[in-house]
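heads up, no residue letters with this:
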């Protein structure tokens, strides 16, 4: 059914499901969510994807104590997010790079969008 809905082969669907199952088994506390074309790892018990936690950690100069003080994350949640990041660094870094694009960069890539007016 998933293969038919996503117009992919059963083999491709099974490979993706097996990969997610292996990752969730290796990193207890990680699950996956999102549409089939954009699945992403998130930390169970939080509302945050792994990349969001890692971006905050980077923005806090990689100071884990500061992240814990300034968020509702537990030590365990931060730890599993960082462990996952260290294993799949390129994957997570690419999402962070994409998220940090400026409005000008986005407008060059998507000239048909109109940015929301700035408040102020």
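Received the coordinates, thanks. Everything quoted here is computed from the prediction, not taken from an experiment.

Can you show me the helices along this protein?
In the chain, the helices defined using DSSP state H lie at 2-6, 10-26, 50-59, 64-69, 75-87, 89-99, 103-109.

out of the ones you listed, nearest to residue 119?
For the helices of the chain, the distance to residue 119 is smallest for helix 103-109, at 14.1 Å, taking CB to CB. Heads up, the C-betas are built off the backbone N, CA and C, glycines and all.

any residues touching that closest one, and which ones?
101, 113, 115 (CB atoms under 8 Å, 6 or more residues apart in numbering).

Which entries within these meet the buried criterion?
Using 16 or more other CB atoms under 10 Å as the burial test, the contacts of helix 103-109 include no buried residue.

List just the nearest of those residues to residue 73.
Taking CB to CB as the measure, residue 73 sits nearest to residue 101 out of those, at 25.4 Å.

To residue 33, which of the helices of the chain lies closest?
That would be helix 10-26 among the helices of the chain, by CB to CB, at 10.2 Å.
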